[in-house]
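Engineer: next come a sequence and a model predicted from it.
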Amino acid sequence: MTVLVLGATGKTGRPVVDALVARGVKVVAASRNPAPATDGIETVRFDWADRATWEQALANVDGLYVVGPYAEPNGAVLVRELLAAAPQVQRVVLLSVLGADLLPDVVLMAGWEADVRDSGKEWTILRPNWFQQNFGEGFATPLREYGALELPAADAALGFIDTRDIAEVAAAAFTEPGHAGQIHVLTGPESLSHAKVMAILGAAAGREFRYTPLTADEFAARLRATGADDNSITWQLGLFTLIRDGVNAIVTDTVERVTGHPARSLAAYAAEHAAAWRNGPRSERP
């Protein structure tokens, strides 16, 4: 099998490439700005908004890992059209999100799931909880610079998952029987509030972090101040509504059942990446 990995430089794409290569699978790593090819990994340019890049990316592949076109104005139809442009692709693994079927229509994952199910191909849908890697990437700056995280998550708990575990499940879905037609709900080994997360990250970094819950209106105002459009704001508020409603508190054993090892803990991730938060506060949060 040769698998085309979309979003190959992203939070799940990078580890999916690694997990497939570890299983001896030939990988075509697709991104808008591809790096040079390496042993076992071919690279190709792929841009959802540039149909001229689709044909070359899809050539000679029979597996497809899909990270959807979140930022594209016509993103609702692009996954369906890409699948139609790839008749030779036999197996598809889609990255969705926990609670996809409960989110506002502006959040496109439920539609993408339907497109994959209706494609006539062997499909597996991954519905992961929130990523542990968010704290080392997207949330790293406010933690490092201000020692603070402010989100509209109340005191609700989440089963944060390491993206490497998502990747190993994706690789299994491509290379092992028993995953076709399955929706895998993926979580870490425990459910944690953001206050507990701050304690775990702070212990690893040797600092004290604080979590401040925001109201939905406060969070929306901050997003607008950064230039976010209404669709993006509705999307993010929908995700946080699920958190406050307790949807993300779930803990499943799917990672262990599929991979044979327990899901990685947030404490292990924090110990591994503590340098991301160690520099200390540079200023008070404005």
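Structural biologist: Alright, I've got the coordinates.

Engineer: ranges for the strands of the stretch 1-150 of the chain?
Structural biologist: Applying DSSP state E, counting those that start in this stretch to the stretch 1-150 of the chain gives strands spanning 2-5, 26-31, 41-45, 63-67, 91-95, 122-128, 148-151.

Engineer: I'd like to know which of the ones you listed lies nearest to Thr259.
Structural biologist: Among those, the nearest to Thr259 by Cβ to Cβ is strand 122-128 (12.9 Å). C-beta: built from backbone N, CA, C; applies to glycine.

Engineer: first vs last residue of stretch 145-152, how far apart are they?
Structural biologist: Using Cα to Cα, to the nearest Å, the gap from the first to the last residue of stretch 145-152 comes to 20 Å.

Engineer: mean confidence for that stretch?
Structural biologist: Confidence for stretch 145-152, expressed as mean pLDDT, is 95.

Engineer: buried set for that stretch?
Structural biologist: If you call a residue buried by 16 or more other Cβ atoms under 10 Å, then stretch 145-152 has these buried ones: Glu145, Tyr146, Gly147, Leu149, Glu150, Leu151, Pro152.

Engineer: circling back: how about the strands of the stretch 1-150 of the chain in CSV, adding distance to Gly260?
Structural biologist: Supplementary listing: these in CSV, determined by distance: least, Cβ to Cβ, whole Å:
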stretch, distance to Gly260
strand 2-5, 21
strand 26-31, 22
strand 41-45, 25
strand 63-67, 21
strand 91-95, 19
strand 122-128, 18
strand 148-151, 33
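
Engineer: hang on, the earlier thing: with the buried residues of stretch 145-152 in mind, which one is nearest to Leu108?
Structural biologist: Pro152 (21.3 Å).

Engineer: do you know how far that closest one is from Phe219?
Structural biologist: From Pro152 over to Phe219 the distance is 4 Å, taken as Cβ to Cβ, to the nearest Å.

Engineer: common neighbours of the two, please.
Structural biologist: The contact sets of Pro152 and Phe219 overlap at Leu237, Phe240 (Cβ atoms under 8 Å, 6 or more residues apart in numbering).

Engineer: list the buried residues of stretch 195-207.
Structural biologist: When burial is assessed from 16+ other Cβ under 10 Å, stretch 195-207 yields the following buried residues: Ala195, Lys196, Val197, Met198, Ile200, Leu201, Gly202, Ala204, Ala205, Arg207.

Engineer: also stretch 29-45?
Structural biologist: Ala29, Ala30, Ser31, Pro34, Ile41, Glu42, Thr43, Val44.

Engineer: tell me how far the last one lies from Gly120.
Structural biologist: From Val44 across to Gly120, the span is 24 Å (Cβ to Cβ).

Engineer: repeat that for the second one.
Structural biologist: For Ala30, the distance to Gly120 under the criterion Cβ to Cβ works out to 22 Å.

Engineer: now do the fourth one
Structural biologist: Pro34 sits at a distance of 29 Å from Gly120 (criterion: Cβ to Cβ).

Engineer: repeat for the first one
Structural biologist: Using Cβ to Cβ, we find Ala29 at a distance of 26 Å from Gly120.

Engineer: what about stretch 147-163, how long is it end to end?
Structural biologist: End-to-end distance of stretch 147-163: 24 Å, with Cα to Cα as the criterion.

Engineer: next one: stretch 58-71
Structural biologist: The first and final residues of stretch 58-71 sit 21 Å from each other (Cα to Cα).

Engineer: off-centre distance for it?
Structural biologist: Mean C-alpha position of stretch 58-71 versus that of the full chain (Cα atoms, centre = their mean, to the nearest Å) differs by 15 Å.

Engineer: related to what we said a few turns ago, for Glu256, find the nearest of the strands of the stretch 1-150 of the chain.
Structural biologist: Proximity to Glu256, assessed across those by Cβ to Cβ, is greatest for strand 122-128 (14.6 Å).
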